[in-house]
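Colleague: Sequence and predicted structure, then a few things I'm wondering about:
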2 protein chains.
Amino acid sequence: MAAAQRQNGRSRPGRRATISDVSNALGLTKSTVSRALNDYPDIAETTRARVKRMAQKLGYRPLATAQSIRTGRVRAIGFIIELAEHDAHRPFMAEFLAGMSRSASAEGWTLTVAASSTPEETLEIISKLQMESKADGFIIPRTLIDDERITRLRNDYIPFVTFGRTNSDEETVWYDIAGEEAMRSAVLHLHDLGHDRIAFVNGGSKYKYSELRREGYIQGLTDAGLDIDHSLIFEECLSEEDGRAAAQSILAADNPPTAFVYALDRAALGLYPLAKELDLTIGEHLSVISYDGVPEGAAVEPPLSTYAVDIARAGERLGALLIRHLRDDEAKDLHELEQATFLDRGSAGAPALTSAQLSAHLRGLGPKGAFSNGRNST
Amino acid sequence: MAAAQRQNGRSRPGRRATISDVSNALGLTKSTVSRALNDYPDIAETTRARVKRMAQKLGYRPLATAQSIRTGRVRAIGFIIELAEHDAHRPFMAEFLAGMSRSASAEGWTLTVAASSTPEETLEIISKLQMESKADGFIIPRTLIDDERITRLRNDYIPFVTFGRTNSDEETVWYDIAGEEAMRSAVLHLHDLGHDRIAFVNGGSKYKYSELRREGYIQGLTDAGLDIDHSLIFEECLSEEDGRAAAQSILAADNPPTAFVYALDRAALGLYPLAKELDLTIGEHLSVISYDGVPEGAAVEPPLSTYAVDIARAGERLGALLIRHLRDDEAKDLHELEQATFLDRGSAGAPALTSAQLSAHLRGLGPKGAFSNGRNST
DNA sequence: ATCAAAGCCGAAACCGGTTTCGGCAACCAA
DNA sequence: TTGGTTGCCGAAACCGGTTTCGGCTTTGAT
């Protein structure tokens, strides 16, 4: 019998049940209970069942911190907020965190977050959190085309999953939205509406998603049988001001586009005030399709047609993937790619003007109201 | 000598230093090292110094999870994201988290976050996190006037600090911004500019801050020697649409106000499109001062004058207060109240119209451009 | 010189788990 | 029968710390 292990069996009512409470209640030892709960093969099936039932009855849940000192695992996923990142990314933060937290707590895990100001600090924090057993693995958002973080994490054998693909995808667990496919079908959609000259305003060129979306745009042009005109491509547009400036510059050239594809809603919103100044109606004289699905896009007039991303779901999937990766040594190559959902809200319509007519209007610096009586006849 | 405790002294190079590494290096026992580092009084000053120096040299940092199994503390502060909250609060999330995380990591603590959909779930999660030793105390944002969370947390002896005051402030640790003072001086500022009729558009009435801001507004009127007209007060305005509707309703009545004080920037932004429709220029025909300091307020024309809140700092102070509260049993009554900083950006100016003139204009449903030639002479 | 009170540190128990090791009993084949 | 597996569980070490307890020195007062 296990009399030696019976000493601490006074179960104070308010206290949480420990493994000893379970073992004492059953006349077994801690070790048997532990192995039963962790599905060791050397425990009889009937015993395992008894143990699990009793654990359930007593409301026993192993103390993660106690486990961790032996196992090195705390059942926590780590996430670093980089404040240096562009403001445009911040509004998503709450939902993203919520998503991660949901999948974590569904598995009995938790989420440890920290803040950092620079990419270097991020890496320092990550290894510190890992050393201190505050997190078992990390979720890395906004992958870069050439992401130093990833090589370093891999070198240090720190488990992680990324939101977004990278150029070194071997043996990496990632989740991503197929932004390239969204851009491609945006182009095709605009072409179907009758647009022949379609501009592309991209996001920050260091991000992998920008590369992919540009490729998607190019592919869309190719699929539509349209020429690729590099003067219609603008990069590095993250903010509303960027997006506005890009459009202004593109429209000032010869042969202006009648439609825009933006890689980011935030930048696309910059087109609205510009259009108003130029006395152009979005959805008629200028069409635009964008990407992200920010709430502000629904508030402008006409509402911005966009490919919406479910950021909470992304966080949730990433959390689930990380946990799976951490539990299962074999899960070294998990990938999930999902499609954005198109919200056709009215900012993309048949072109009311040809490129030439548009050009004439812009050059003429036409007085207010030039088109206010309706569409131009072609 | 402590030969019995020497068994695990093989310091693998890559491994983190343990307390045994330190004790072995010094020829002391674990217990002495532990007490020295934790400033027990029964350790000689010279020994304490030696121990601390060696710990420093070896880069020893106690493993929080190992400590926690004895002490019950993990050096983590908990924070719950409530998604049910109004969208208006979300953009702040990243900065708020960053602030909390900063003060936490400054003290060697970390931040554990979880998501919840309802207030009830929030409380469940809190006690779960506490039971599982995932967090030692919690930061509770957006206090309500009568906040059930607080009574329950207090009943369960779960340590916490609040962002915002409540009606049961005895023995509570809180941090807050003096929104009432901001509202008061907003009224006085507008009165100094020449406004006599000043409306107030408040936020959600369940929140404590709304009560305070309303009181501040009233106090401002009193200090300015103005009458209190309850028809100029509107409650429950959280969104841009709410803010717009409130202003529309208030302006439709007799004796319309020439100035507005908004409790929330987000709602105040609703005044802009309304003013445009009514052909009124903000900063001239209508003045407005608001509160929060959201980035969008700087982008509108004219930029929104507002009392800005440093939300990152709030998070930082709250984290620091919570840690102090947790470390020191005596720290049961900490309070910090700070002032918002006024950003005078142009949406508040001398009234170009009297209330009567404004009323006449509004009733006349005047054609566009009625005031476009400049200010009215009075 | 003597004795009690500090001062200081080692020994060991403890926290709540996990994991290794070994032994007993039952089973199975020879 | 006998001997070797196999199945199943207890005993004990262990993880990295904290905390209680007690004992040996010093110190200080008498």
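Modeller: Received it, and whenever you're ready, just let me know what you need. Numbering: from 1, shown residues only, chains lettered A, B, ... in the order given.
Colleague: For chain A, which segments count as strands?
Modeller: Assigned by DSSP state E, the strands in chain A fall at A:76-82, A:110-116, A:137-140, A:160-163, A:173-177, A:198-201, A:233-234, A:259-262, A:287-292, A:305-308, A:335-338, A:341-343.
Colleague: Pairing partners for the last one, with directions?
Modeller: The one in question is strand A:341-343. Counting by DSSP bridges, the strands paired with strand A:341-343 are strand A:305-308 (antiparallel).
Colleague: Just the CA trace of the partner strand, in CSV.
Modeller: Extracted in CSV, the C-alpha atoms of strand A:305-308 (Å, rounded to 0.1, in the frame of the first residue of the first chain):
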residue,chain,number,x,y,z
SER,A,305,-15.8,46.5,-52.5
THR,A,306,-13.2,44.4,-50.9
TYR,A,307,-11.9,40.9,-50.2
ALA,A,308,-12.5,40.5,-46.5
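Colleague: for it, what is the average pLDDT?
Modeller: Mean pLDDT, strand A:305-308: 98.
Colleague: and for that strand, what are the contacting residues?
Modeller: A:179, A:182, A:186, A:265, A:268, A:288-294, A:297, A:340-348 (Cβ atoms under 8 Å, 6 or more residues apart in numbering or on different chains). Heads up, the C-betas are built off the backbone N, CA and C, glycines and all.
Colleague: Also stretch A:30-39?
Modeller: Here stretch A:30-39 has contacts from A:5, A:19-20, A:22-23, A:26, A:42-43, A:47-48, A:51-52, A:55, A:62, using Cβ under 8 Å, 6+ apart.
Colleague: From those, list the buried ones, please.
Modeller: A:Ile19, A:Ser20, A:Val22, A:Ser23, A:Leu26, A:Ile43, A:Arg48, A:Val51, A:Lys52, A:Ala55, A:Pro62 (16 or more other Cβ atoms under 10 Å in any protein chain shown).
Colleague: Next, count neighbours for the closest residue to the fifth one other than its chain neighbours.
Modeller: When the adjacent residues along the chain are set aside, A:Leu26 lies closest to A:Met54, with 5.5 Å between them (Cβ to Cβ, 6 or more residues apart in numbering or on different chains). A:Met54 is flanked by 19 other residues according to other Cβ atoms under 10 Å in any protein chain shown.
Colleague: Repeat that for A:Tyr157.
Modeller: As a burial measure, A:Tyr157 scores 8 neighbours (other Cβ under 10 Å).
Colleague: How about A:Lys57?
Modeller: Counted with other Cβ under 10 Å, A:Lys57 comes out at 11.
Colleague: before we move on, the earlier item: in contact with the residue nearest to A:Leu26: list those residues for me.
Modeller: Applying Cβ under 8 Å, 6+ apart to A:Met54 gives the contacts A:Val22, A:Ala25, A:Leu26, A:Tyr60.
Colleague: picking that back up, just the buried ones from the contacts of strand A:305-308?
Modeller: Neighbour counting by 16+ other Cβ under 10 Å classes A:179, A:182, A:186, A:265, A:268, A:288-294, A:297, A:340, A:342-343, A:345, A:347-348 among the contacts of strand A:305-308 as buried.
Colleague: Local confidence estimate at the closest residue in space to A:Ala275 that isn't next to it in sequence?
Modeller: The shortest distance from A:Ala275 to any non-neighbouring residue, by Cβ to Cβ, 6+ apart, is to A:Ile282 (5.1 Å). On pLDDT, A:Ile282 comes in at 97.
Colleague: May I have the residues that are in contact with A:Ile282?
Modeller: A:Leu271, A:Tyr272, A:Ala275, A:Val288, A:Pro302, A:Ser347.
Colleague: Can you pick out the most distant pair from these?
Modeller: Greatest spatial distance in the contacts of A:Ile282: A:Leu271 and A:Pro302, 11.6 Å, computed using Cβ to Cβ.
Colleague: mind checking how far the closest residue to chain B within the stretch 201-350 of chain A is from DNA strand D?
Modeller: For the stretch 201-350 of chain A and chain B, the shortest gap (Cβ to the nearest Cβ) falls at A:Pro295, measuring 6.9 Å. The spacing between A:Pro295 and DNA strand D, counted by Cβ to the nearest atom of the strand, to the nearest Å, is 46 Å.
Colleague: same deal with A:Ile218?
Modeller: 53 Å.
Colleague: same deal with A:Ala350?
Modeller: 69 Å.
Colleague: returning to that earlier point: how about the backbone phi and psi for the residue of the stretch 201-350 of chain A closest to chain B?
Modeller: Per-residue torsions, A:Pro295: phi -60, psi -40 (degrees, to the nearest 10).
Colleague: do you know how far it is from DNA strand C?
Modeller: From A:Pro295 to DNA strand C the distance is 44 Å (Cβ to the nearest atom of the strand).
Colleague: same check, this time on A:Asp279
Modeller: When A:Asp279 is compared with DNA strand C (using Cβ to the nearest atom of the strand), they lie 70 Å apart.
Colleague: swap in A:Glu180?
Modeller: From A:Glu180 to DNA strand C the distance is 43 Å (Cβ to the nearest atom of the strand).
Colleague: Check the contact between that residue and A:Lys208; I expect there is one.
Modeller: No - applying Cβ atoms under 8 Å, one finds A:Glu180 not in contact with A:Lys208, separated by 10.5 Å.
Colleague: any weak-confidence spans in chain A?
Modeller: A:1-14, A:85-89, A:365-378 (pLDDT under 70).
Colleague: Can you give me the neighbour number for the residue in it positioned nearest to DNA strand C?
Modeller: DNA strand C sits closest to A:Ser31 of chain A, with a gap of 2.6 Å, by Cβ to the nearest atom of the strand. The tally of other residues near A:Ser31 (other Cβ under 10 Å) stands at 13.
Colleague: Look up how far A:Ala49 lies from it.
Modeller: When distance is defined by Cβ to Cβ, to the nearest Å, A:Ser31 is 18 Å away from A:Ala49.
Colleague: got it, and A:Arg327?
Modeller: Per Cβ to Cβ, A:Arg327 is found 23 Å from A:Ala49.
Colleague: on that earlier part again, and the furthest pair within the contacts of A:Met54?
Modeller: A:Leu26 and A:Tyr60 (11.3 Å).
Colleague: Could you pull up the residues touching the residue of the stretch 251-378 of chain A found nearest DNA strand D?
Modeller: Per Cβ to the nearest atom of the strand, A:Leu326 is where the stretch 251-378 of chain A lies closest to DNA strand D, at 19.4 Å. By Cβ under 8 Å, 6+ apart, the contact set of A:Leu326 is A:Arg73, A:Asp136, A:Gly137, A:Pro159.
Colleague: I figured the last one hits A:Gly137, correct?
Modeller: The reference is to A:Pro159. Yes - in this structure, A:Pro159 is within contact of A:Gly137 by Cβ under 8 Å, at 3.7 Å.
Colleague: shared neighbours of the two, anything?
Modeller: Contacts common to A:Pro159 and A:Gly137, judged by Cβ under 8 Å, 6+ apart, are A:Leu322, A:His325, A:Leu326.
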